[in-house]
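Visitor: Provided below for reference: sequence and predicted model.
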Amino acid sequence: MEGMSLLWFLIIGLVAGWLAGLVMKGSGMGLIGNLIVGVIGAFIGGWLLGVLGVSFGGLIGSLFTAFIGAVILLWIASMVRKT
(Lines give C-alpha, C1' and ligand atoms only; values in the text may rest on other atoms or scores of the structure.)
Protein backbone atom coordinates (compact mmCIF):
# COMPACT_ATOMS: atom_id res chain seq x y z
CA MET A 1 0.00 0.00 0.00
CA GLU A 2 1.13 3.52 -0.68
CA GLY A 3 1.35 5.98 2.17
CA MET A 4 -1.78 7.88 1.16
CA SER A 5 -3.76 4.67 0.56
CA LEU A 6 -2.79 3.43 4.01
CA LEU A 7 -3.87 6.74 5.54
CA TRP A 8 -7.27 6.55 3.81
CA PHE A 9 -7.64 2.91 4.87
CA LEU A 10 -7.03 3.88 8.50
CA ILE A 11 -9.39 6.86 8.33
CA ILE A 12 -12.14 4.72 6.79
CA GLY A 13 -11.51 2.06 9.44
CA LEU A 14 -11.73 4.61 12.24
CA VAL A 15 -15.00 6.09 10.96
CA ALA A 16 -16.51 2.65 10.29
CA GLY A 17 -15.55 1.41 13.76
CA TRP A 18 -17.00 4.53 15.37
CA LEU A 19 -20.26 4.25 13.40
CA ALA A 20 -20.54 0.54 14.19
CA GLY A 21 -20.04 1.32 17.89
CA LEU A 22 -22.92 3.80 17.72
CA VAL A 23 -25.20 1.34 15.92
CA MET A 24 -24.37 -1.50 18.28
CA LYS A 25 -25.25 0.73 21.28
CA GLY A 26 -22.41 1.03 23.71
CA SER A 27 -19.89 -1.09 21.87
CA GLY A 28 -17.60 1.90 21.32
CA MET A 29 -14.11 1.04 22.44
CA GLY A 30 -12.37 4.40 22.29
CA LEU A 31 -10.28 5.77 19.44
CA ILE A 32 -7.76 2.92 19.17
CA GLY A 33 -10.39 0.22 19.72
CA ASN A 34 -12.66 1.73 17.08
CA LEU A 35 -9.74 1.90 14.64
CA ILE A 36 -8.91 -1.76 15.23
CA VAL A 37 -12.56 -2.83 14.93
CA GLY A 38 -12.97 -0.77 11.75
CA VAL A 39 -9.81 -2.09 10.09
CA ILE A 40 -10.61 -5.70 10.95
CA GLY A 41 -14.19 -5.00 9.91
CA ALA A 42 -12.96 -3.75 6.53
CA PHE A 43 -11.29 -7.10 5.94
CA ILE A 44 -14.34 -9.04 7.15
CA GLY A 45 -16.74 -6.91 5.10
CA GLY A 46 -14.57 -7.14 1.99
CA TRP A 47 -14.31 -10.91 2.32
CA LEU A 48 -18.00 -11.45 3.06
CA LEU A 49 -19.28 -9.18 0.30
CA GLY A 50 -16.77 -10.75 -2.10
CA VAL A 51 -18.11 -14.21 -1.27
CA LEU A 52 -21.63 -12.94 -1.91
CA GLY A 53 -20.53 -11.38 -5.20
CA VAL A 54 -21.34 -7.83 -4.08
CA SER A 55 -18.95 -4.95 -4.67
CA PHE A 56 -19.12 -1.26 -3.81
CA GLY A 57 -16.72 1.25 -5.30
CA GLY A 58 -15.38 4.58 -4.16
CA LEU A 59 -14.96 6.13 -0.76
CA ILE A 60 -18.57 5.65 0.33
CA GLY A 61 -18.54 2.03 -0.85
CA SER A 62 -15.35 1.35 1.10
CA LEU A 63 -16.84 2.97 4.19
CA PHE A 64 -20.04 0.94 3.83
CA THR A 65 -18.09 -2.30 3.38
CA ALA A 66 -15.94 -1.58 6.45
CA PHE A 67 -19.03 -0.58 8.44
CA ILE A 68 -20.82 -3.85 7.61
CA GLY A 69 -17.76 -5.84 8.65
CA ALA A 70 -17.33 -3.84 11.87
CA VAL A 71 -20.98 -4.36 12.85
CA ILE A 72 -20.59 -8.10 12.25
CA LEU A 73 -17.39 -8.14 14.31
CA LEU A 74 -19.03 -6.28 17.21
CA TRP A 75 -22.06 -8.58 17.04
CA ILE A 76 -19.82 -11.66 17.23
CA ALA A 77 -17.88 -10.10 20.12
CA SER A 78 -21.12 -9.41 22.01
CA MET A 79 -22.22 -13.03 21.50
CA VAL A 80 -18.89 -14.31 22.83
CA ARG A 81 -19.12 -12.02 25.89
CA LYS A 82 -22.61 -13.34 26.73
CA THR A 83 -21.38 -16.93 26.97
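Guide: On my side now, so go ahead.

Visitor: so where's the protein uncertain?
Guide: Within the chain, the segments meeting pLDDT under 70 span 1-4, 26-29, 83.

Visitor: let's see 90
Guide: For the chain, the stretches flagged by pLDDT under 90 are 1-15, 17-39, 41-43, 46, 50, 55-59, 62, 70, 73-83.

Visitor: tell me where it has strands.
Guide: With DSSP state E as the criterion, the chain has no strands.

Visitor: quick check: the residue lying closest to residue 15 once chain neighbours are set aside vs residue 56, distance?
Guide: Nearest in space to residue 15, with sequence neighbours left out and distances taken as CB to CB, 6 or more residues apart in numbering, is residue 63 at 6.2 Å. Yep, even glycine has a C-beta here, placed from its N, CA and C like the rest. Distance of residue 63 to residue 56, given as CB to CB, to the nearest Å: 9 Å.

Visitor: could you do residue 16 as well?
Guide: The value you get for residue 16 to residue 56, if CB to CB is used, is 13 Å.
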